[in-house]
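Student: this one's sequence-less:
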């Protein structure tokens, strides 16, 4: 008895969402690894007091890492259909653009910086937001076989 081949079609946008989701998941996990995250002994639950830096540059906390993990899992789940992949990319991009503005407007030493974010995070959030929105709206071919 031979199994018949199953044809699966995925749009490039679904691939974009899956890759972005996988990167977020990876970043969230890396935030919990000493060495990849410097000052790991200063990793706080939430708030601007966390002194841990992912790759020695991006301020992280347990909350920040968990948000990245959740965002990554959402991206992977939403990559299952073209419509939800688009929603993840555009909606997630808008969220990151709002987070960029928030990071610019708050005092990084105040309790308002609960995520926490620093200057490097702010500019990364801008790039991520623009990149995700672009990936969500650029015209792509309908589907490809996998």
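Tutor: Thanks, I have the structure now. Everything numeric here is computed off the predicted structure, so don't read it as measured data.
Student: In the protein, which helix is the longest?
Tutor: Across the chain, the helix with the greatest residue count (assigned by DSSP state H) is helix 82-105.
Student: Next secondary structure after that one?
Tutor: Per DSSP states H and E, helix 82-105 leads on to helix 119-137 as the next helix or strand towards the C-terminus.
Student: So for that following helix, mean pLDDT?
Tutor: Mean pLDDT, helix 119-137: 95.
Student: Can you give the distance of it from its chain's centre?
Tutor: Distance of helix 119-137 from its chain centroid, counting by CA atoms, centre = their mean, to the nearest Å, is 10 Å.
Student: From residue 70, how far out is residue 123?
Tutor: Note on residue 123: its distance to residue 70, by CB to CB, to the nearest Å, is 23 Å. (C-beta placed from N, C-alpha, C; glycine too.)
Student: residue closest to the middle of the protein?
Tutor: For the chain, the residue nearest the mean C-alpha position is residue 24 (3.9 Å; CA atoms, centre = their mean).
Student: What is the neighbour count of the closest residue in space to residue 85 that isn't next to it in sequence?
Tutor: Computed as CB to CB, 6 or more residues apart in numbering, the closest residue to residue 85 that is not its neighbour in sequence is residue 17, at 3.7 Å. For residue 17, the count of nearby residues is 31 (other CB atoms under 10 Å).
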